[in-house]
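1. Quick one, what's the 3D model for this:
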Amino acid sequence: MKWSFNLNNVRLRNKMLILYILCVLIPIVFTNVVFNAVTTGNVKNQRMKDISRALEQVKNEFRNEVDKAVSVSYVFFNDYNLNSILEANYEQPVAYVEAYDSYFRRILNIYTPIYTSMQNIKIYLDNPTLLHSGGIGFLSPQVKDSPWYRAIQASGEKETIFIRTASEDQFMIGRDLSVRDAFSIVRRLNNFHLENRWEKILKIELRTSAIDQIFSNLNLNGYVYLLNEKGIVEYSTDPAVDWRKGFMPYASVEQPADAIEFSTAYLDDAGYLQGWRIIGIISEDEVFSEVRKSREFVIWLAAINLFLSTAIIIWITRSMNVRLVNIVRHMKKVKNQQFDTIKQPPTQDEIGQLTGEFNRMTMQIRRLISDEYIADIQKKELELERRKAQLHALQSQINPHFLFNALETIRMRSVIKKETETAKIIHNMAKILRSSLTWSKDKITVAEEMGFINCFLEIQQYRFGDRLVYQLHIDPEVMNWKVPKMVFLPFVENASIHGIEPLKSGGRIELNIQQEEGGLKFSVRDNGTGMTPELVQRIYGYLEREDEIGDRIGMQNAIYRLKMTYEDRFSLSIDSAPGQGTTVTIHLPKEL
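-> Next up, the predicted model:
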């Protein structure tokens, strides 16, 4: 079987929905997904470059500080006068002091204030004729046992090495030398122009606070590690790594699972930083924070576009759909012989023209019915009146007055016997019976309706005794409002007979009639056996069915009469469940 799709079979609202999905929703979503992917990639790459650039800046700043100390060491190495003072033999300490004061002290005072990153400059040598103080130290066995001395001895051809050492202050006061919290430039002063009878080693110590400041300039949410050529952590901003003590391989440092590693290495021709690396461990949140901001911007942009386009399409669709639905509804009324015209301002579009043509057609049909079929309708009405007269004649054969007279005789007999309660009940029953047989008017006041309800409830209380308690709350302002005759009584009867009667214990009925939202609200509530959901739905079905009243009684009769009187201007609601009682609420328009 060949299948074909025809838009003519699709409702207008669904056509607009298809148009919205294909021409608005899918293009906007697709465009924003692509835009988000491209923007996110660009922002991520740019952020990675920025972090790498910041790490490169830290690397260069650290290199500059080291280079300053190295350049000072070259000055000391090439200073002929200084090396001559260190190589000389002094028979008297006074001669050394004189040479120290004349030149060496001035050299130390020149470089130390200029290069603030250097906190100590000291020359170690084994010349016994020198006084070992004021920047001069003796190459004692303790000094020769220090790591930096062993490193310079093992360096081979390297004249300059960069090494982490214990600070000079700790060495002088004899503290734990395993704590290496300073960095030093160490080199031999073996100037080839001199005899070099003594071993001379220059040790320039960098200021730790300056190094801390350099590595803290990364200003990112992460940690920085300075590794030597063997992958040992020489410095770190990670508080979990105690870089001052011992030698911790970087491979043994535990890193967060969401961390991203950035690395930059020293490729120095000089050799003292050859193979050293600076590694930055940055949290993903730091890297992708800008990416998330970009994504949020794209999402907000897409949401605004979707909202505006959706609002405009709904506005336009509603302009068409509401009026078309209104036309269809009035066409259905025409089918039911309700020739109402569409009340709305005239418009110039096609739907407005269709509305105008429908109104003209409706008025023509109404005139045609009035002109052509009025005679036939009058004839049928005469026939109906004739049949009513026959019915009344038949009813008059059964005169109800003998029944009223009999009830009145019983009531008077009860009064004579002082059975006042029985007399009152008989009087109420006669009153209800007379009202039900006498139907001279279709509408009565709320006060008259309450008279019937009071009579019925007194009869029921006479019947049930203490098993029935009822309360009536009537707004005095609605007493003169008109309602269909005996339209509330069936609901009160249902609460008593079907709700309270099956109970073994006491029952309660509450009735309220009050003004609400310009209309009348009637509600009756009982604490009886309640109704099943199927029964409630069956009662609601009476509102939808268009059957004639026939011989129906009780609530069904009352609902049909409400429909005949008010059409769709009234509402009925039922709140009930088995064992939970029943509440029936009716809203009627105001009629005085």
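2. For the protein, which strand extends over the most residues?
-> Ranked by residue count and defined by DSSP state E, the top strand of the chain is strand 507-516.
3. quick one: buried residues of stretch 237-246?
-> 237, 241, 243 (16 or more other Cβ atoms under 10 Å). Yep, even glycine has a C-beta here, placed from its N, CA and C like the rest.
4. What of stretch 298-318?
-> 298, 302, 305, 309, 313, 317.
5. likewise stretch 561-577?
-> Neighbour counts over stretch 561-577 (16+ other Cβ under 10 Å) mark 561, 562, 563, 565, 570, 572, 574, 576 as buried.
6. now, which of those residues sits nearest residue 518?
-> residue 570 (13.2 Å; Cβ to Cβ).
7. Contact partners for the closest one?
-> Residue 570 makes contact with 562, 563, 586, 587, 588, 589 under the criterion Cβ atoms under 8 Å, 6 or more residues apart in numbering.
8. switch to 7 Å and redo it
-> Neighbouring residues of residue 570 by Cβ atoms under 7 Å, 6 or more residues apart in numbering: 562, 586, 587, 588, 589.
9. Mind checking which of these are in strands?
-> 586, 587, 588, 589.
10. Turn those residues into TSV, including distance to residue 347, pLDDT and neighbour count.
-> Shown next, in TSV, are the ones in strands among the contacts of residue 570 (distance: Cβ to Cβ, whole Å; pLDDT from 0 to 100; neighbours: other Cβ atoms under 10 Å):
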residue	distance to residue 347	pLDDT	neighbour count
586	39	92	21
587	34	92	17
588	36	91	22
589	31	89	12
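11. so which of these comes closest to residue 217?
-> residue 587 (76.3 Å).
12. Next, give phi and psi for the closest residue to the closest one other than its chain neighbours.
-> Excluding the flanking residues, the one nearest residue 587 by Cβ to Cβ, 6 or more residues apart in numbering is residue 571, at 4.5 Å. In terms of degrees, to the nearest 10, the main-chain angles of residue 571 are phi -140, psi 150.
13. Go ahead and confirm residue 571 touches residue 588.
-> No. The criterion here is Cβ atoms under 7 Å, and residue 571 misses it with residue 588 at 8.7 Å.
14. on that earlier part again, and for the very next helix or strand once past the longest strand of the chain, what's in contact with it?
-> As assigned by DSSP states H and E, the chain's next helix or strand after strand 507-516 is strand 519-526. With contact meaning Cβ under 7 Å, 6+ apart, strand 519-526 is reached by 478, 481, 488, 491-492, 495, 499-500, 507-514, 581-590.
15. from those residues, which would you call buried?
-> Buried members of the contacts of strand 519-526, counted by 16+ other Cβ under 10 Å: 478, 481, 488, 491-492, 495, 499-500, 507-511, 513, 581-588.
16. Next, the buried residues of whichever helix or strand residue 212 is part of.
-> Element membership for residue 212 (DSSP H and E) is helix 208-216. Neighbour-count burial for helix 208-216 flags 208, 210, 211, 214, 215 (criterion: 16+ other Cβ under 10 Å).
17. now the helix or strand following it and helix 208-216, what's the angle there?
-> Remark: after helix 208-216, the chain's next helix or strand is strand 222-227, criterion DSSP H and E. Strand 222-227 and helix 208-216 are oriented at 120 degrees to each other (axes from the mean of the first three to the mean of the last three Cα atoms, to 10 degrees).
18. Identify the residues contacting residue 255.
-> Residue 255 makes contact with residue 281, according to Cβ under 7 Å, 6+ apart.
19. ugh, wrong one, I meant residue 510
-> 471, 525 are the contacts of residue 510 under Cβ under 7 Å, 6+ apart.
20. Distance of it relative to residue 466?
-> Distance of residue 510 to residue 466, given as Cβ to Cβ, to the nearest Å: 17 Å.
21. I'd like the buried residues of stretch 237-246 as TSV, with secondary structure and distance to residue 265 appended.
-> Shown next, in TSV, are the buried residues of stretch 237-246 (DSSP: H, G, I helix; E, B strand; the rest coil; distance: Cβ to Cβ, whole Å):
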residue	secondary structure	distance to residue 265
237	coil	19
241	coil	20
243	coil	19
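22. who's sitting farthest from the centroid in this protein?
-> Centroid-distance maximum for the chain: residue 91 at 89.3 Å, with Cα atoms, centre = their mean.
23. And it, how far from residue 468?
-> 137 Å.
24. Same question for residue 536.
-> As judged by Cβ to Cβ, residue 536 and residue 468 stand 24 Å apart.
25. The two - which one has more neighbours?
-> Using other Cβ atoms under 10 Å as the criterion, residue 536 and residue 468 rank with residue 468 on top: 20 against 17.
26. Relative to the whole chain's centre, how far out is stretch 298-305?
-> 16 Å (Cα atoms, centre = their mean, to the nearest Å).
27. What is the helix holding residue 212 packed up against?
-> If contacts are counted by 3 or more Cβ pairs under 7 Å, 6 or more residues apart in numbering; DSSP states H and E, helix 208-216 sits against helix 26-78.
28. Now do whichever helix or strand comes after the helix it packs on against helix 26-78: the angle between them, please.
-> Going down the chain from helix 26-78, the next helix or strand is helix 80-87, by DSSP H and E. In terms of direction (the same axes, to 10 degrees), helix 80-87 departs from helix 26-78 by 60 degrees.
29. contact partners of helix 80-87?
-> With contacts defined as Cβ under 7 Å, 6+ apart, helix 80-87 is touched by 76, 99, 103-104, 107, 123, 125, 127, 189, 191, 193-195, 197-198, 200.
30. List the buried residues in that helix.
-> Residues of helix 80-87 classed as buried by neighbour count (16+ other Cβ under 10 Å): 82, 83, 85, 86, 87.
31. Can you give me the separation between the last one and residue 260?
-> In this structure, residue 87 and residue 260 are 55 Å apart, going by Cβ to Cβ.
32. what do you get for the fourth one?
-> When distance is defined by Cβ to Cβ, residue 86 is 51 Å away from residue 260.
33. now swap in residue 563 and tell me
-> Computed as Cβ to Cβ, the residue 563 to residue 260 distance reads 74 Å.
34. In the stretch 451-592 of the chain, mark out all the strands, start to finish.
-> For the stretch 451-592 of the chain, the strands defined by DSSP state E, counting those that start in this stretch occupy 468-474, 482-484, 507-516, 519-526, 571-576, 582-589.
35. tell me the domain ranges of the protein?
-> Following automatic domain parsing, the chain resolves into domains at 10-326, 459-589.
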